[in-house]
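Asker: here is a sequence together with a model predicted from it:
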Amino acid sequence: MPIKLPERAAPQTPEMQIPERQPDDVADPSGVPQVDLEGIPDQARYLLFDPEIGGVLHNAVTEGWNGDQVAEALRSTGAFTEVQDRRRVVGDPTNGSQARSDLALQVGQMLARPADDPQVAGYVNQLASGQLTMAGLRTLVAPIEQGTSTSRVIELAARHGVPMSEASAQGWTAFDEATIDQQLGALSQGLYPYKPQGLPFSQFASAFADLHHAELGQQVQPSDPRFQQLLEQSGGQLGAYRALVRQLPEWEQTPQAQQLIADRTNQLTQALLSGDSFSEEMARNRASYEQQVATQLGAGLQPLVQPSSSFGGPQAMPVSDKAAGSVIQAAQRYLGTPYRWGGTDPRTGLDCSGYVQLVYSNLGVKLPRTAAEQARVGARVSSLADARPGDLIFFSGSTDHIGIYAGNGLYYNAPHTGDVVKLAPVTRRPTTIRRIL
């Protein structure tokens, strides 16, 4: 809604009036000179909205200045200099018209009105004739300004952990701060459903920042875009956040990851040296990690689609479709295989897309090598509720992680370094689902 400001008549006073001491000025019996504010011309009263001029007159009244002191104090203000300079520039025969046009644009922006608006023209006339200063105009219109500034909207969004660009923030400025704060709180709860009610976002985010530092040795700030993306993808679950961090390529270079790789290598080596076959070791790993997932489910890490209550632990959905059943059987064959970045050989390790490619190659289906390429193969499935066993599910922009849906909110996948191929709950919403068979 346009801001309604008081209309002013055309200016009458040609210049800023400075009171001069007259020879017959006489102090009153109390010894305090009379500064007659009632005698200020009506056209010059808008000058009182200037903080400097108002301050001078306030001091004159409270401290009992005489006329000479008032005049000297007014001439020393920036307001006096501004008025004199503007009258000179606007009155210039060569550049005066352009100066007035520039002044109209400046006032129009302040009032959110076009430069040719009558109200803008009235204030331009007052400024040009010395009846008003820019500081006075800002003071005059400030009480009727409404809404919230763009910078304040962005500050409130950051407080709630809601990503907000300057362009987006401008769409919120018409609302008062209390309304914006309430709406951003609701958005934050939707982004981070596991954030405790009432917990300030700064404290909530600090726990994830500490976990990030422990896993990668990197200090992060809540305003870091990459940190915000990971936090949003995790839904506010520390366990899910750790899993996302361990899928990052740089995590494999950390001492923690190298130690996990070394421990896993030693474990397999000792098993093979003791006479255990590779397949027997993988079978034990499969049982171990399925039990681990069952423990996670019991601790409250629930999949997006709940398993049937008839299951004691995580199990794939019984498959009646022959093609889907073949995919699940092939996927189960590699349970317990160690994760290896870029791996395509089950004897040395598999990464997520290498695992999927290998499973489908056993069925005579040739898939591309990377998750990004695999995300463009097959038919699109609209949601996890419509997914069938054997469908491919992708996370984080369709390129970062991939697995094979097993039904009942579970999927087969090769998670990250230090882990193995396993059946796990779907704890975050897939960004893409593709049906190959």
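Answerer: Nice, I can see it. Numbers count the residues shown, from 1 in each chain.
Asker: hey, let's count contacts and neighbours off CA atoms from now on
Answerer: OK.
Asker: for G407, give the beta-bridge partners.
Answerer: L410 (DSSP bridges).
Asker: that one reaches D386, doesn't it?
Answerer: No. Here G407 does not reach D386: they are 10.2 Å apart, not a contact under Cα atoms under 8 Å.
Asker: what about the two, which has more around it?
Answerer: Set side by side, G407 and D386 show more neighbours around G407, with 26 against 8, by other Cα atoms under 10 Å.
Asker: any idea how far G235 is from that one?
Answerer: 22 Å (Cα to Cα, to the nearest Å).
Asker: in stretch 347-356, which residues are buried?
Answerer: Across stretch 347-356, burial judged by 16 or more other Cα atoms under 10 Å covers G349, L350, D351, C352, S353, G354, Y355, V356.
Asker: so which of the residues you listed is the closest to A414?
Answerer: Using Cα to Cα, C352 is the member of those that sits closest to A414, with 4.6 Å.
Asker: what's the separation between the closest one and A243?
Answerer: Taken as Cα to Cα, the span from C352 to A243 is 13 Å.
Asker: can you check R435 too?
Answerer: 25 Å.
Asker: so which of the buried residues of stretch 347-356 sit within helices?
Answerer: C352, S353, G354, Y355, V356 (DSSP state H).
Asker: apart from its chain neighbours, what residue comes closest to Q357?
Answerer: L367 (5.6 Å; Cα to Cα, 6 or more residues apart in numbering).
Asker: quick one: the one you found is in a helix?
Answerer: No. Counting by DSSP: H, G, I helix; E, B strand; the rest coil, L367 falls outside a helix, being coil.
Asker: that one and G378 touch, don't they?
Answerer: No. Using Cα under 8 Å, L367 is not in contact with G378, being 9.9 Å away.
Asker: next SSE downstream of the helix or strand of the chain with the lowest mean pLDDT?
Answerer: Among the helices and strands of the chain, helix 278-298 carries the lowest confidence by mean pLDDT, DSSP states H and E, at a mean of 56. Reading on from helix 278-298 to the C-terminus, the next helix or strand found by DSSP states H and E is helix 322-332.
Asker: could you export that following helix as PDB, CA atoms only?
Answerer: The C-alpha coordinates for helix 322-332 follow below in PDB (Å, rounded to 0.1, in the frame of the first residue of the first chain):
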ATOM      1  CA  LYS A 322      10.200 -62.900 -11.000                       C
ATOM      2  CA  ALA A 323      12.400 -60.100 -12.400                       C
ATOM      3  CA  ALA A 324      12.400 -58.200  -9.100                       C
ATOM      4  CA  GLY A 325      13.100 -61.400  -7.200                       C
ATOM      5  CA  SER A 326      16.200 -62.000  -9.400                       C
ATOM      6  CA  VAL A 327      17.500 -58.500  -8.600                       C
ATOM      7  CA  ILE A 328      17.100 -59.100  -4.800                       C
ATOM      8  CA  GLN A 329      18.800 -62.500  -5.000                       C
ATOM      9  CA  ALA A 330      21.700 -60.900  -6.900                       C
ATOM     10  CA  ALA A 331      21.900 -58.000  -4.400                       C
ATOM     11  CA  GLN A 332      22.000 -60.400  -1.400                       C
END
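Asker: point out the other helices and strands that that helix packs with.
Answerer: The contact analysis (3 or more Cα pairs under 8 Å, 6 or more residues apart in numbering; DSSP states H and E) places helix 322-332 against helix 352-361.
Asker: tell me the average confidence for the helix it packs on?
Answerer: In this model, helix 352-361 has a mean pLDDT of 93.
Asker: past it, which element shows up next along the chain?
Answerer: helix 371-374.
Asker: okay, now D419: neighbour count?
Answerer: Around D419 there are 18 residues (other Cα under 10 Å).
Asker: can you check S202 too?
Answerer: Around S202 there are 14 residues (other Cα under 10 Å).
Asker: does it touch Q221 like I think?
Answerer: No. Counting by Cα under 8 Å, S202 stays clear of Q221, with 9.9 Å between them.
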